[in-house]
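S.K.: structure of the sequence below:
(one chain, ligands or ions: 2)
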Amino acid sequence: MAIQFKEVSFEYSPNSPFSFQALKNINLEIEEGKITAIVGATGSGKSTLVQHLNALLIPSSGQVIVQDKVIVANKKNTGLKALRENVGLVFQFPEAQLFEETILKDVMFGPLNFKKTHDEAKAAAIASLQLVGIEPELFNQSPLELSGGQKRRVAIAGILSMNPDILVCDEPTAGLDPQGSKQIMKVFSDYNQKLNKTVILVTHDLQHVLDYADNVVVMDKGEVLYSDTKINFFTQEQMMDELEFVLPKVILTRNSLIKKGFKLDSSIITMDKLIEGILKEVKA
Ligand SMILES: Nc1ncnc2c1ncn2[C@@H]1O[C@H](COP(=O)(O)OP(=O)(O)OP(=O)(O)O)[C@@H](O)[C@H]1O
Ligand SMILES: [Mg+2]
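M.R.: Numbering: from 1, shown residues only. Ligands and ions are numbered 1, 2, ... in the order given. Predicted structure coming up:
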């Protein structure tokens, strides 16, 4: 079943002089088994939205439905531990939370905490370290001796070792160089494609959206402004302009050629297809 937000509003510090309504009447469905990107300006409510997925935040009104769990406002919500095992949340700079003496122990911590046996936890940790591309020679090293990109991958392995059905990542590539970013994005893409898991990705990088996402949700001032497939998203020129999004080069080039009279399909989102389209026009 899809993830659903039904008329969800969320207010920080209610009934205080600092109260702030960060989400306003959110109605949204997120498809299972897909990669959904959540984009929008700073302060638009992206992090607030995704923290509802494992009940770190509870709606002030409305309900969030995740798998068979309904999280509602103003009621004691039970069964949250099972939900938290099924929804892995990777925060920005997750490597700040690495703390064990060895990489392997660090990644085993989650499964052990969720009552797996030592052997089960070890097997899960080894599998997820393999998924993120950390070599076995490193398993017994201190996580603190790794490079920034490696640390980030170990921290993500720590979440993957719980084998969550839904993986939520809040700006997972922030602060990484292009190569480190690409490695991390590949981990999410593999987790989605090889294991058929749902991945939800908060990002500022529309090139990552273009390269990896299936669907896109646009947040604006606490509201969902847009939610559709990636291909349709990249045809919304006016919205992109208004929100001052930095568009990937292939989309900029496509749009600019269309404006200059080239007959190109607005569903083109790859360089190969764009070149094909240009060649057809030039030869015609
Ligand atoms: N603990 C808090 N108390 C009060 N207001 C908060 C709190 N956390 C966030 N806010 C406010 O809620 C709004 C949405 O914040 P949120 O962190 O969800 O935005 P965001 O889209 O994730 O932004 P960014 O891209 O900068 O991470 C912002 O205006 C923010 O100032
Ligand atoms: Mg945020």
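S.K.: around ligand 1, which positions in this structure sit nearby?
M.R.: When proximity is defined as Cβ under 6 Å from any ligand atom, the chain approaches ligand 1 at Tyr12, Ser13, Phe20, Ala22, Gly40, Thr42, Gly43, Ser44, Gly45, Lys46, Ser47, Thr48. No exception for glycine: its C-beta is placed from N, CA and C like everyone else's.
S.K.: now the helices: where do they sit in the stretch 1-150 of the chain?
M.R.: 46-50, 80-86, 103-113, 118-131, 148-160 (DSSP state H, counting those that start in this stretch).
S.K.: other SSEs contacting the first one?
M.R.: Same thing as helix 46-50. Packing partners of helix 46-50 (3 or more Cβ pairs under 8 Å, 6 or more residues apart in numbering; DSSP states H and E): strand 3-12, strand 20-30, strand 35-40, strand 166-170, strand 198-202.
S.K.: got it, and the second one?
M.R.: Applying 3+ Cβ pairs under 8 Å, 6+ apart, we find helix 80-86 packed against strand 69-72.
S.K.: what lines up beside the strand it packs on in the sheet?
M.R.: strand 61-66 (antiparallel) (DSSP bridges).
S.K.: so for stretch 184-200, what gets flagged as buried?
M.R.: The neighbour-count check on stretch 184-200 (16 or more other Cβ atoms under 10 Å) flags Ile184, Met185, Val187, Phe188, Ser189, Tyr191, Asn192, Lys197, Thr198, Val199, Ile200 as buried.
S.K.: I'd like to know which of those residues is nearest to ligand 1.
M.R.: Ile200 (13.0 Å; Cβ to the nearest ligand atom).
S.K.: isn't that closest one right up against Ile30?
M.R.: Yes: Ile200 is in contact with Ile30 according to Cβ atoms under 8 Å; the separation is 6.4 Å.
S.K.: what sits in contact with each of those two?
M.R.: Common neighbours of Ile200 and Ile30 (criterion: Cβ atoms under 8 Å, 6 or more residues apart in numbering): Thr36.
S.K.: using CSV, lay out the residues of the chain next to ligand 1 together with pLDDT, distance to Glu95 and neighbour count.
M.R.: Formatted as CSV, the residues of the chain next to ligand 1 follow (pLDDT from 0 to 100; distance: Cβ to Cβ, whole Å; neighbours: other Cβ atoms under 10 Å):
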residue, pLDDT, distance to Glu95, neighbour count
Tyr12, 97, 27, 14
Ser13, 95, 29, 9
Phe20, 97, 29, 12
Ala22, 98, 26, 19
Gly40, 96, 25, 23
Thr42, 94, 22, 6
Gly43, 96, 25, 12
Ser44, 97, 25, 22
Gly45, 97, 25, 22
Lys46, 97, 21, 22
Ser47, 96, 18, 18
Thr48, 97, 23, 19
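S.K.: quick check: the farthest pair among these?
M.R.: Spanning the widest gap among the residues of the chain next to ligand 1 are Ser13 and Gly40, at 21.9 Å by Cβ to Cβ.
S.K.: the closest residue to ligand 1 within the stretch 101-250 of the chain: helix or strand, and which one exactly?
M.R.: For the stretch 101-250 of the chain, the residue closest to ligand 1 is Met219, as judged by Cβ to the nearest ligand atom, at 6.1 Å. Per DSSP states H and E, Met219 falls inside strand 215-220.
S.K.: how big is the angle separating the helix or strand just after that strand from strand 35-40?
M.R.: Proceeding C-terminally, strand 215-220 gives way to strand 223-229 as the next helix or strand, assigned by DSSP H and E. If you take axes from the mean of the first three to the mean of the last three Cα atoms, to 10 degrees, strand 223-229 sits at 150 degrees to strand 35-40.
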